[in-house]
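[1] okay, sequence plus prediction incoming.
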Amino acid sequence: MLTESVTTDIVVVGGGLAGVSAAIGAARQGSRVVLVQNRPVLGGNSSSEVRVWVCGATAHGIHLFARETGVMGELFVENQFRNPDGNPYYWDMLLLEKVKAESNIELFLNTEVIEVEADGPRESREIHSVTGWMSGSERRITLTAPTFIDCSGDGLVGDLAGAESMRGSEPRESYGESWAPEEPGEDMLGSTILFYTKDVGHPQKFVAPPFAIDIAATSIPQNRVIRQSMNGCDYWWIEWGGELDVVHDNERIRDELQAVCYGIWDYIKNSGLYAAENLSLEWVGAVPGKREYRRFVGDHLLTQHDVLGQTEFEDRIAFGGWSIDLHPVGGVYASEKGSRHWHPEGNYHIPLRSLYSRNVTNLWMAGRDISASHVAFGSTRVMATCAVLGEAAGIAASVADQLSLTPRQLASDHVHTLHRAMVRADASLLGVADDDPENLALIARAQASSTATRLASERSSGQEALVDDLALVLPVDPALGAVELLVDAEEDTELELELHSVSRPQNYLPSERERHVVVPVVRGRSWARADLDWTPEQAQNAVLVLRRNSRIAVHRGVAAQPGTVTLRHRELPDGERNPDQWRHWKETLHGQGICFRTLSATEAFAAQKAVGGYARPYGGPNLWISDVASADPQPWLELRWTDTQEVACIEIVLDDDLNEDLINLHHHRTPSDTMPTLVRNARIEALEDEVWREIARLEDNRERRRRLVLENAVTTTAIRLVVEDTNGVEEARVVALRAYRVRP
């Protein structure tokens, strides 16, 4: 047996998406990081060992312009290019490549942490080291660092260190949560094992093992959807073990879940109810995908009220958007639906104070074990949200170490410093503006060769009968005058319209009614005009509701501008037991929207939008858009200074269409491998002696965030980004253009 010792700046335990993102986030801030994973592959529940699709703030398209950025965003976009069919092994490979690309990360796979050295009184403990056993190599490795991040999911490190924790469900009286039970319980969300099938082109028999569950003798066929075409996470409801200890009883849970998988497959193959003659069982998971175990207690405990009320924390460091998603304790055998959902009106904030232990002074946590009630955890537990929490914890841990601060001190007095680091990293933040004094763009004047000044979608791709209420979301900056809608009418009639403001800058649902107009519509095709004349106090989203009229058809557009989207109103299903939780509005005509045009100019796409401000949709799309290529074939965006500046690094954030709901495995397929909205080829030029000289290039770009470090700093009064072409759209789109004196 080999005994080894490693000393580093930060130890991250757990190689799921939270741990991967934490390690990368900290490493990119300059910290030396050790990443410890107890499995042979990275990715946790998303890996090829478990194969759960990565869900997050988009909630499968429920929330608009909500896809994560930062490390998770990079993974989504690159996986879409390399792996559009959702091969789980390609996903493993991408995660490993991203970690190995960071020279500041030392990776230990197949290493189970079994010991934690910590001391101090219960209310103020400190971790000194963790020790892991590397199976297969017979290596005992002790990792020493000033800072530790528990991304283990089950919270083993924090538990061994004596961190305060919670398990099960808290009673309703604790936090006043309507979805909490009257009495506390030890039950949790169960674990899941999935299986894959394939058509082999010739008959295949299946002989069930004796331990397979006879599901015909259970309630499963009556209470769960089973189809021979289903695969992998289509069977998310194969869940069990919530009444047990999901860690200590892990092997028992695995055996039961595999028995259920073989029983379902036996039912599909041999019941005679399915056309499954040529189908074969390709893969059955051997590692249960756990949903819930320990949650540590931080200085803030996130609750149902924070999720549904979208609490605006000053120390916000991430956002979520998945519904509060709780499952029956009986899992696959329960008579109730496999899950129940309560969606907030938009994405909600998560505070830094929920990412560190309140009694272990150098312990951060991210992923499933953050400080949240059982009900709030029902939303934060999904993997893309765990990943953005991981990146936040990694950046925070690095910044705190560099400033010699405890996590509590960082949250109390230095959040502004953390926010600047996170904004520069393009982390997933809502409502945090770029005000970094190091960014020379903030003292520059932004101008462009051209700017899109109209909100419009005038080219029709077909008709859509107005049999349901529709809603057109528009960015209003600074005002909304008249709007015209392309309609066909069977006879002379009227179109009833309502203009609504939204309740939060990140929301896209109608809230307060601001205008109500009735527009006469003549028989045949026409542009129906509504004079709205609305000027909000600040730029924001507005929702124009078109009340249904079966005598009218609207027109579908061929494309949708950033910040514009069309929603359809859905009626409450018969028998819906929770009408107050039903989400009535959902996007329709994705990527098309309806044909409309505004008659007043907009400033929503001005050059100044790419300097400072927000680097994602929030109260508007927040990006510069040029005129179309036919009018401006090589559009440029310029930063010009009054005084000469020395520029050593240029950073660009491009539009990767955050309304496109990407996913790592299958669930749905996005058509484009590369986001068409991204700039493909461009050059950076600096003005020297009144002549523009190329100093850097983008070539075959498929990324959102690019950092260009100049070999030699330039002294100039202006730089500009000249867009030569895009990956598909007709205009240039830039979210942020930044310049710095110092190389990273």
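    Arrived safely.
[2] what helix or strand is Phe148 on?
    Phe148 is located in strand 147-150, with elements delineated by DSSP states H and E.
[3] now for that strand, which elements pack on it?
    Helices and strands touching strand 147-150, by 3 or more C-beta pairs under 8 Å, 6 or more residues apart in numbering; DSSP states H and E, are strand 10-13, helix 17-27, helix 156-161, strand 363-365, helix 383-402. Quick note: C-beta positions are derived from backbone N, CA and C, even for glycine.
[4] minimum distance to Ile193: which of the ones you listed has it?
    Across the helices and strands packed on strand 147-150, the minimum distance to Ile193, taken as C-beta to C-beta, is reached by helix 383-402, at 16.8 Å.
[5] how about that closest one: buried residues?
    383-401 (16 or more other C-beta atoms under 10 Å).
[6] now swap in stretch 202-217 and tell me
    Gln204, Ala208, Ala212, Ile213, Ile215.
[7] quick check: end-to-end length of that stretch?
    30 Å (C-alpha to C-alpha, to the nearest Å).
[8] and if you look at stretch 632-641?
    This stretch, stretch 632-641, spans 24 Å end to end (C-alpha to C-alpha).
[9] which residues touch the strand holding Phe148?
    Residues from elsewhere that reach strand 147-150 (C-beta atoms under 8 Å, 6 or more residues apart in numbering): 9-14, 19, 22, 26, 127, 130, 156-158, 161, 163, 296, 362-366, 369, 390, 393-394, 397, 400-401.
[10] if we use 7 Å, what do you get?
    9-14, 22, 127, 130, 157-158, 362-366, 369, 393-394, 397, 401 (C-beta atoms under 7 Å, 6 or more residues apart in numbering).
[11] just give the nearest non-adjacent residue to Glu336, would you?
    With sequence-adjacent residues excluded and distances taken as C-beta to C-beta, 6 or more residues apart in numbering, Glu336 is closest to Pro328, at 4.4 Å.
[12] confirm that neighbour sits in a helix?
    No. Going by DSSP: H, G, I helix; E, B strand; the rest coil, the assignment for Pro328 is coil, not a helix.
[13] need phi/psi at it.
    Main-chain torsions, Pro328, degrees, to the nearest 10: phi -70, psi 150.
[14] on that earlier part again, and the buried residues of stretch 202-217, which is closest to Val679?
    Nearest to Val679 out of the buried residues of stretch 202-217 is Gln204 (C-beta to C-beta; 48.8 Å).
[15] what number of residues lie near the spatially closest residue to the closest one that is not a sequence neighbour?
    Closest residue in space to Gln204, ignoring its immediate chain neighbours: Ser280 at 4.4 Å, by C-beta to C-beta, 6+ apart. Ser280 has 18 neighbours, counted by other C-beta atoms under 10 Å.
[16] now swap in the one 5 residues further on and tell me
    Applying other C-beta under 10 Å, we find 22 other residues in the vicinity of Gly285.
[17] wait, what's in contact with it?
    Applying C-beta under 7 Å, 6+ apart to Gly285 gives the contacts Glu49, Val50, Arg51, Ile193, Leu194, Phe195.
[18] residues in contact with Ser339?
    Going by C-beta under 7 Å, 6+ apart, Ser339 touches Asp325, Leu326, His327.
[19] the last one: how many residues sit nearby?
    For His327, the number of neighbouring residues by other C-beta under 10 Å comes to 24.
[20] what segments of the stretch 1-150 of the chain are helices?
    For the stretch 1-150 of the chain, applying DSSP state H, counting those that start in this stretch gives helices covering 17-27, 70-82, 88-100.
[21] mind checking the SS state of Pro505?
    Strictly by three-state DSSP, Pro505 counts as coil.
[22] just give the closest residue to it, not the sequence neighbours.
    In space, Pro505 comes closest to Gly619 once its chain neighbours are excluded; the distance is 3.6 Å by C-beta to C-beta, 6+ apart.
[23] give me phi/psi at the one you found?
    When quoted as degrees, to the nearest 10, the phi and psi of Gly619 stand at phi 70, psi 20.
[24] residues touching it, list them.
    Counting by C-beta under 7 Å, 6+ apart, Gly619 touches Pro505, Gln538, Ala539, Gln540, Asn541.
[25] ok, 6 Å please
    By C-beta atoms under 6 Å, 6 or more residues apart in numbering, the contact set of Gly619 is Pro505, Ala539, Gln540.
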